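Student: generate coordinates for the sequence data below:
(2 chains)
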Amino acid sequence: MRKLISLLAVATLLSACAGQLKPDPVPGALDSGYPTAELLACGKRAVGLAICTIEQGKPLESLNIRVQGYYKGTVQIDSEACEIHTAYRYDNSQVVKAPLSGPATEECAIDFVVSPEYPKESNSGLVIESLKGRVWIRVIPAGAKHFGQNTKIKQGINAYLNIPYQSATPVRVVFRGCNTKFDKQMAPVNGVIRIALHDLRNMFQVESCIFEGTVLGATTLRVTWQVWSYAKEFTPLGIPEVKVSGGKLSVKADKAVSIIALDDKYEVSNETEFDFDASKSHILRMATVGGRIVIGEWSGSWTWKN
Amino acid sequence: MEWVVDLEKLDFNKILDIVLAALKAAGMGWAGVAAGALALLGMGLFWWWWNRQKNKAAQTETDRKRAKDQAENAEDNAQAERPAKQAADDIEEIINDHERKG
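Tutor: Next up, the predicted model:
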């Protein structure tokens, strides 16, 4: 009788506690100005921000811009210049494609909001935040050279853009955008022209800027720098401890992580183990209810993005 | 805040012994156990109801937040896109000017 009561109590509590989403003590990523939607654009995977270039007149659809859905939910896609204002429901962690059409004639930004709905049975009375993403499409003449960089920086902190450019003599560097009028002669050092964010603009607020620029020397280089400054109270999600051994991958993530997914298998947990074929490519994803994300890409070694 | 109790540290047999001993000391015996079981059931029902309310409130807030974020997406996009497009046009003009001058 005594053992039965004990067993019943343990079983009840275990079922209540297993596979529960965990609270994220950090303010939500979207509200903090930190984009974390997983973007697949111009052949690359990025977290939150991406820049694509396309030659004038080429079909916009060729950029194949997509966003990764997590579990199931809704994706909102907006772009004024590319004429997109639409929402999609997704299921089974589908990838949703931006409905681009027509030839590339002018620049456009595509903004995504991914709103996941995690399994109801794991809901612990927590608010699930959405994930934000932006792809900037830069239209360039045929044969033109372009360099782009995306930066997420804490508000008020300086950041640097390192432009690869070879020249023995100083070259003219110009930037416009976000009320900046930067126009200087600069000498590359070891093949790099280094621009400080604070020389373009101090970003003390939670805001985003797309700086367009050029380096005018013997060759013309177009440059794009997309910068988002996020709230000082926000901390990006850290990289997990991972171990590959004996056909298994063990993952120990931050305590705030609710979902760990390896390719198409997911666990509602911050610590788990998966079967793992190290000879193949894999994607490891971790998410918090606050919208913080870390992605690991395995091709013999790990490359991490957050 | 920790949501998960470390169950491995709980000895339910010991807890049951303590409860029974307390009831015996209070002179209640098995009637006390029955009363205690009813009390536990009541607490369990309350806990279930409280969790339901909490989940409902969280879902309402999630839905509200989601609708707000989606509604603001278009405005965010326009605010970022317009100055960036102007910047790109300005840069193209500067490049054309530079190339014209040779």
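Student: when you work out contacts or count neighbours from here on, use the C-alpha atoms and nothing else.
Tutor: OK.
Student: interface residues of chain B facing chain A?
Tutor: Listed as neighbours of chain A in chain B under the rule CA under 8 Å from any CA of the partner chain: B:3-5, B:7, B:12-13, B:16, B:51, B:54-59, B:61-62, B:65-66, B:69-70, B:73-74, B:76-78, B:80-81, B:83-88, B:90-91, B:95, B:98.
Student: buried subset of these?
Tutor: Among the residues of chain B next to chain A, those scoring as buried are B:12, B:55, B:58-59, B:61-62, B:65-66, B:69-70, B:73-74, B:77-78, B:80-81, B:83-88, B:90-91, B:95 (criterion: 16 or more other CA atoms under 10 Å in any protein chain shown).
Student: which residue packs closest to A:Q185, ignoring adjacent ones?
Tutor: A:R172 (4.4 Å; CA to CA, 6 or more residues apart in numbering or on different chains).
Student: what lines up beside the helix or strand encompassing A:V67 in the sheet?
Tutor: Counting by DSSP states H and E, the element that carries A:V67 is strand A:66-68. Sheet pairing for strand A:66-68, assigned by DSSP bridges, gives strand A:38-41 (antiparallel), strand A:95-97 (antiparallel).
Student: kindly compare burial across those and name the winner.
Tutor: With neighbours defined as mean count of other CA atoms under 10 Å in any protein chain shown, those peak in mean count at strand A:38-41, which reaches a mean of 25.
Student: quick one: average confidence on that strand?
Tutor: The average pLDDT within strand A:38-41 is 97.
Student: ok so, going back, adding distance to A:R222, write the strands paired with strand A:66-68 out as CSV.
Tutor: Listed next are the strands paired with strand A:66-68 as CSV, based on distance: least, CA to CA, whole Å:
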stretch, distance to A:R222
strand A:38-41, 19
strand A:95-97, 27
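Student: phi, psi of the residue of the stretch 51-200 of chain A found nearest chain B?
Tutor: Of all residues in the stretch 51-200 of chain A, the one sitting closest to chain B is A:G125 (3.9 Å; CA to the nearest CA). The phi/psi pair for A:G125 (degrees, to the nearest 10) reads phi 70, psi 30.
Student: hang on, isn't it packed against B:T60?
Tutor: No - using CA atoms under 8 Å, A:G125 is not in contact with B:T60; the gap is 10.3 Å.
Student: and the pLDDT at residue 12?
Tutor: Using chain A. Reported pLDDT for A:T12: 49.
Student: correction: the question concerned chain B.
Tutor: Per-residue confidence at B:F12 stands at 70 (pLDDT).
Student: repeat that for A:T303.
Tutor: In this prediction A:T303 is given a pLDDT of 97.
Student: ditto for A:S101
Tutor: pLDDT for A:S101: 95.
Student: counting neighbours, what do you get for A:K120?
Tutor: Number of residues near A:K120 (other CA atoms under 10 Å in any protein chain shown) recorded here: 11.
Student: and the residue of chain B nearest chain A?
Tutor: B:N55 (3.9 Å).
Student: mind listing the helices for the chain?
Tutor: Assuming you mean chain A. A:2-17, A:197-200 (DSSP state H).
Student: to clarify, I was referring to chain B.
Tutor: B:12-25, B:29-101.
Student: which stretch in these is the model least sure about?
Tutor: Looking at the helices of chain B, the bottom one is helix B:12-25 with a mean of 75.
Student: now that helix against helix B:29-101, angle please.
Tutor: 140 degrees (axes from the mean of the first three to the mean of the last three CA atoms, to 10 degrees).
Student: which residue is nearest the centroid of chain A?
Tutor: A:V47 (1.3 Å; CA atoms, centre = their mean).
Student: that one pairs with what?
Tutor: A:E38.
Student: dump the residue contacts of it.
Tutor: A:P35, A:T36, A:A37, A:E38, A:L39, A:G133, A:I295, A:K305, A:N306 (CA atoms under 8 Å, 6 or more residues apart in numbering or on different chains).
Student: ok, the nearest residue to the fifth one once chain neighbours are set aside - how many residues close by?
Tutor: Leaving aside its chain neighbours, A:L39 sits nearest to A:V67 (4.6 Å; criterion: CA to CA, 6+ apart). Counted with other CA under 10 Å, the neighbours of A:V67 add up to 26.
Student: wait, A:V67 sits on A:A37?
Tutor: Yes - between A:V67 and A:A37 there is a contact under CA under 8 Å: 7.1 Å.
Student: around chain B, pick out the residues from the stretch 101-250 of chain A.
Tutor: Checking the stretch 101-250 of chain A against chain B by CA under 8 Å from any CA, the hits are A:106-113, A:115, A:123-130, A:174-178, A:208-214, A:216, A:220.
Student: contacting residues around the spatially most central residue of chain B?
Tutor: Centroid-nearest residue in chain B: B:A58, 6.7 Å away (criterion: CA atoms, centre = their mean). By CA under 8 Å, 6+ apart, the residues touching B:A58 are A:G125, A:L126, A:V127.
Student: how near is A:L237 to chain B?
Tutor: A:L237 sits 18 Å away from chain B, going by CA to the nearest CA, to the nearest Å.
Student: hmm, A:C52 is touching A:W136, no?
Tutor: Yes - counting by CA under 8 Å, A:C52 does reach A:W136; the two are 6.2 Å apart.
Student: quick one: A:E273 from A:N92, how far?
Tutor: Separation of A:E273 from A:N92 (CA to CA, to the nearest Å): 21 Å.
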